[in-house]
Every structure is written in structure tokens, then in C-alpha cells.
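Peer 1: Below are the sequence and a predicted model; questions follow.
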Amino acid sequence: MRKRVVSMWFPRLPSDRVLRARAQVAANDNRPFVLTRHEKNTDRIYCLNRAAEAQGLHRGMGVSDARAYCPDLQSQPADPRADARFLQMLARWSKRYCPWVGLDGADGVMLNIAGSAHLFGGEAAMLDDMRHRLARGGLNVRIAAADTRGAAWALTRYGRSAQDDIRTLPVAALRLEAKTDTALQRLGLRKISDLLDLPRATIARRFGPDVLLRLDQAMGAQDEVITPLGEAQHYGARITLPEPIGLAADVMAGTERLLRRLCDKLKEQDMGARRLQLTLRRVDQGAQQVELRLAAPMRDAARILPLFERGVSAVDAGFGIDQLRLEATQVEPLLPVQITTTTAARPDGLDDLITRLGNRIGLENVQRFLPADSHIPERSFQIAPAAYSTAQGAWSRHRPRPLKLFPPEPIAGTGARPPARFRWRRMALTTGRSTGPERIAPEWWLPDEAWRSGVRDYWHVETREGRRLWLFYTPQSPAWFVHGEFA
Amino acid sequence: MATFESHFPPMPSRTHEACGPSAHVFAYAFAGQVSRAKGNSVLWVREAWNSVQLNPLGFETYLDPQQLLVAQAPSHIDVLASAEEALRSGRVALVVMELSQSVGLTEGRRLQLAAQQGGSMGLCILPEGMGSNAAQTRWRCTPVFDPQEQADSTLQKWEIIKNKSGTLREWHVKWDAQTRRINVVSTTAQR
């Protein structure tokens, strides 16, 4: 099917966005308004409305100059990110006309309407409908349809009417760099038709392949794709109630309905929720949120529901809740797993328990040990959040290690053999038997403040009082420390 | 005559207490035994400020580190609340609570009820003299120097200093790393 491209250009997108959000300002408000941006140490105009332009202001002008021209100027700082989001929103809205919609720079949308124009009563009627709806939304827009993307772009930016012939447009309509454009102008090539009359080889030799590429794209000799927007999956469900509710049991019943719908959606996509957010809107427009972080991706409504109980019971219902919204704010792929005789069934109940504990004390604070390859006692294991790791590892030790490790506590002692008597934690201890030394050298490739004192000679000291301690001696800066305690 | 085997591991579906310098050994030996028997994990709840680090290479002989989950709770109340939740769920074989303050009678009783409901066991590690009256048993564990042996030893004295359904006893015990069990040593033998 022949391609037919519609280009929408929003020449004043940032200021239109801000002005339409000001509910009290009517669309036909004629006061000058500018958006400013701080660049090169001064505030400059980023975007402005028609009234401001009529006063002689232009983009890039200093804001203080602009105020001198026009004392009743209203201004506001620009927010390019919000503009980008707004353009995304417009592109999504444009899918009502055709499924193939892509972004075009920071202020345009491209639609491939091939095969869908007749649904709106023909191309002209469709474009009129677009113009009408966007104008009602308070947006300045120029819309044109053409056979190629380049031509549609040129017509919106440079065409006097949508039916213009592209050949009569200036060369700048070819999406060229400013430098190339100026060079072409200097040669007297003002219109695209002038460029078409020249032999191709001379253009390529003088300006490189870029000009020809753009020319071919505009004329249709070279294809140019419109990258359609990805379909962002939204995992959410909501329910609006005719009468406000306030009992925890009622809220849970509503949540159950939402969860079932959400879990069906997750199941279709082979996804599991990792973080859920339940928003309860009250009749006084206040909103209460219950967040649930799960220890493992899940999509089983019956298992998730009881986990919400604690959060829901803490909600203040006020005069009643009339809308419930449930959203999976973080999802992970959760593929069906083949159950075999060799794979141990993962104890599901434990994940639920980790979730419950995690929602009370923080999911990162429920931890497990993972083995690590190091001789340094503190680094011979890793601590990982249990929700994001699986139990693994072969734990083996070659030499006895203490049950408890604490930051080294200095004791009085001299010489390379353990002291016969020492005081530790206000206890007088006598060495009964000592085993050692075991020399552990610092890992020079990992800087560690605690190991600055050099190698350590570890001794397993059994005291006559019973306590069995792990002492070390640092020969390079002689001192004794207690590092841990055995059974 | 009640032997050591009838007292250890202590009564199921209850919470117990341990104190003394070797309370950790008691906890690990207890955890290892019930974890192997039930095939379940063990949850160790402690206060986050506690700078004493549990060392998996140290307790590996008592309990498989894969079976241990550690919960770092921000406060004393959160330790108790998390432990109660875990006990009630019954998903773990044992919940060890490492506490620095005494447990009130109400809290102790709530833990006891949660353990009964969930069918799991609880163990509070407490400083000496801070136990709760609601605990089923309280054990005091102290290491003992063993002059006989040449290699490093694990001899210690385990005493029951509170028992709701039995008499107070004491044993000298030793860990046998080969068979992974606690062996009772007769007091005369070690003289």
C-alpha cells in the first residue's frame, strides 16, 4: 500500500503546555507569556506565545531585555522533560487516528495514515478533525499530509498551505544543517526545484552525500521509516464505587477484585509483580497509599491478598473511600517453571514470610549469607538481601573460625606469643592453651582501612576462665587485639 | 530419670531462652538440629545496631548457612514483632531473637502463643537475669576450660535454670563435629 504520512508540528509546544494547564487562563488570553531558560549565565526566552511574539520578542532573547519591551510580561522557567512527556502523550493520543505513530524531534509527531484515512471520511476530513481537536485543546499546530516523511515535514514547517508543491519550498525545508543551508543560499539555490535541476554528481561533490539523501527522502526516491512508539504495558486496575466504604473488610474485598484482574493481566504477559501500590482515594479527595514490596515476583492473587492486610488496616478512611487503584509499579518476568523430580520445590511460604518481614523492617534488611572467596575473615562471606538472591554455595572451612566476629578490640600484650594474662572487657583472663599462629596477609588489591597495620598472626586462645577467643598480633606494628569469640 | 536427650532439643511449639557467654553455641546447635529434622530454614532476628557479626564459616559446623536468614530490625519492638510474625506463620523451624533488653510478661506470652499457633519454636538470647516468666525453659551456657585435651575443645556447661515442666539440671557437653551432635560428658571424666 502506498505510504501516506501526516506530520504534526507544534511550534509552541512548551508554552502551550504551560498555558493550557493554567485552568483560569482562557485560550484567547492575549497577554504575552514566555518560558525562560538559564543558559550562558543569563535567562533567555525558551518559548513564547503569539501575543509575546507580536510585541517583538523572539526566542533566545534575554529576559531582562524582553521585560524592557513589554513590562507586563509573564514568565516561568521551562521544563524540557515535562515537554518531552507531553509530546509522548500527544503521540499516544494520535493513535486514535492510526496505529503507526512516531515522534519527530522534540516538537513533532509523524503518523503513517495509509489505510486508515477512510475511517474518518477521507484524508481532508481527518486532518480537519485533528486540527479542530488540537486547537480546542489550546495547542498551536500545523498539520500536513504528503507521500514521504521528508515532504510532510517540509510542508508543516515551510508550506504556506498544506497543498503546496514541495518543489517551491526553500532548501531549508530539506532538514539540512544551517551551514549547508547558508552555503546553498550563497550559490543562489533558493528553492528545492533549483537543486533538482542541478546534476547530482556536482551536488555530491560540493556538499557531500547528505544533501542528496535528504532530497531523495523528500522526493520519495529513498525510503525513510517512522519508528513506531513501543507499547508500554500498564499493569494496573481500578474500581470506582457508587458509595464510599470505610470498613477494612470492604476495602480488602475491593482489593481482591482488583488483584484478580491485575494477576490475569500479569499472567497473559508472563510477568510477576515485585512491587504493588494500592491507592485509596477518599471522598474528600485525599489519597492514601499502601505499598507492598514482594520478596519474589508473584502473580497469585490468593497469596498476595493476605499480605495487604497489614497496610490496609493502617489506612485512615476518613469519611469513606470511593476509588481504589492498584498498580504493579515494578514487574519482573516470571516464566512458568517445569517441575521435575530433581528440582527442589522452592518453599513458597518462606517468600511470603520474607515479604511480611520486609514490609515491616525493609526488604533489604532480611538477609542471607553467600560464600565469597577470601582469606580475610570479614570478607569470607557476603551478605545479600534474601529477596534478591538464592541460597547457594559450598561452605567449607580449612581452619576453625570464630562464631562471632567483632571490630578488633585492643588488649595489652607484648611479644609474638599470646600474653599469659590479659584484661578484656573488664575481665581478667589467663591463657590456658593457645593454638597458632595462623598468618593472614591483607589483600593489597582491595584497600581496607582496618588492614593497614599489615599482616596478622591469629591465635586461638583458650582461657582458664572458659572463654575461647581469637586473638591476633600485628608484627609490623606490634600490638594485640581480640577479633572474635569461639564456642 | 530424664536424660539430656529428653531435654534437648527443648519442647516444640514453645519459646525458650538462653543466656550466658555460650548462648550462641546453644542457639546454633538447637537451630541445626531442628532445621535438619524439619528441613526448614531458621530466622535470626537481631537489632541492626549490633556490631557483633555472625560468621557463617564459624557456625557452618552446627548449621548449614544456606538455611539461615538474618533479619536486621531497627529496634527492640521490631525484633519482637518480626519474631512473632515469623512464629505465627510457621514457615521457619526456629526463630532466634537476639535481644539486649528484657522481655516483658505480655510480650513473652504473645511469643508463646504465636509459637503454639504456628507450631514453630522460638529462642530468645538474652543478657543474664533479663528473662521473661513466660518462657518454657531458660538455659545458661558457659564455656569451660578443658585441661585434658590437646586440640581445641568445645567443652561447656549447660544448665537449665528455669523449667516450667520439669526439674533444673546441668550437663557438661561437647560438640562432636563428625556426627554433628551434642555429646554429654560425665563430670567425673573431665576431672
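Peer 2: Received, thanks.
Peer 1: Pass me the low-pLDDT residue ranges in chain B, would you?
Peer 2: Counting by pLDDT under 70, chain B contains low-confidence ranges at B:1-2, B:149-152, B:187-191.
Peer 1: tell me the helices in it, going along the chain?
Peer 2: Secondary structure of chain B (DSSP state H): helices located at B:4-7, B:23-38, B:56-59, B:76-89, B:105-118.
Peer 1: and if you look at the stretch 251-400 of chain A?
Peer 2: Ranges of helices within the stretch 251-400 of chain A are A:301-313, A:348-361, based on DSSP state H, counting those that start in this stretch.
Peer 1: Can I get the last one as CSV, trimmed to CA atoms?
Peer 2: Extracted C-alpha coordinates of helix A:348-361, given in CSV (Å, rounded to 0.1, in the frame of the first residue of the first chain):
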residue,chain,number,x,y,z
ASP,A,348,6.7,-20.6,48.8
GLY,A,349,5.7,-19.9,52.3
LEU,A,350,9.2,-18.6,53.1
ASP,A,351,8.9,-15.9,50.4
ASP,A,352,5.6,-14.8,51.9
LEU,A,353,7.3,-14.5,55.3
ILE,A,354,10.2,-12.5,53.8
THR,A,355,7.6,-10.2,52.2
ARG,A,356,5.8,-9.7,55.5
LEU,A,357,9.0,-9.0,57.4
GLY,A,358,10.3,-6.9,54.6
ASN,A,359,7.3,-4.6,54.8
ARG,A,360,7.9,-4.1,58.5
ILE,A,361,11.6,-3.7,58.6
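Peer 1: possible to save the helices of the stretch 251-400 of chain A as a markdown table with mean neighbour count, distance to chain B and mean pLDDT?
Peer 2: Backbone N, C-alpha and C define where each C-beta goes, glycine included. Below are the helices of the stretch 251-400 of chain A laid out as a markdown table (neighbours: other C-beta atoms under 10 Å in any protein chain shown; distance: least, C-beta to the nearest C-beta, whole Å; pLDDT from 0 to 100):
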| stretch | mean neighbour count | distance to chain B | mean pLDDT |
| --- | --- | --- | --- |
| helix A:301-313 | 16 | 9 | 90 |
| helix A:348-361 | 21 | 4 | 85 |
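Peer 1: quick one, which of those is nearest to A:His483?
Peer 2: Nearest of the helices of the stretch 251-400 of chain A to A:His483, taken as C-beta to C-beta: helix A:348-361 at 28.6 Å.
Peer 1: which strands and helices sit next to the closest one?
Peer 2: Counting contacts by 3 or more C-beta pairs under 8 Å, 6 or more residues apart in numbering or on different chains; DSSP states H and E, helix A:348-361 packs against strand A:287-298, helix A:301-313, strand A:366-371, strand B:68-73, helix B:76-89.
Peer 1: Could you tell me how many residues sit around the nearest residue to B:Ala37 once chain neighbours are set aside?
Peer 2: In space, and not counting its chain neighbours, B:Ala37 is closest to B:Ala93: 7.6 Å by C-beta to C-beta, 6 or more residues apart in numbering or on different chains. Other residues within reach of B:Ala93 by the criterion other C-beta atoms under 10 Å in any protein chain shown amount to 23.
Peer 1: now swap in B:Glu5 and tell me
Peer 2: Using other C-beta under 10 Å, the number of residues around B:Glu5 comes to 10.
Peer 1: measure it to B:Gln136 for me?
Peer 2: Distance of B:Glu5 to B:Gln136, computed by C-beta to C-beta, to the nearest Å: 17 Å.
Peer 1: Check A:Pro400 too.
Peer 2: 32 Å.
Peer 1: Same question for A:Arg81.
Peer 2: Using C-beta to C-beta, A:Arg81 is found at 61 Å from B:Gln136.
Peer 1: Could you do B:Pro21 as well?
Peer 2: Computed as C-beta to C-beta, the B:Pro21 to B:Gln136 distance reads 22 Å.
Peer 1: how about A:Arg423, secondary structure?
Peer 2: Of the three states, A:Arg423 takes strand under DSSP: H, G, I helix; E, B strand; the rest coil.
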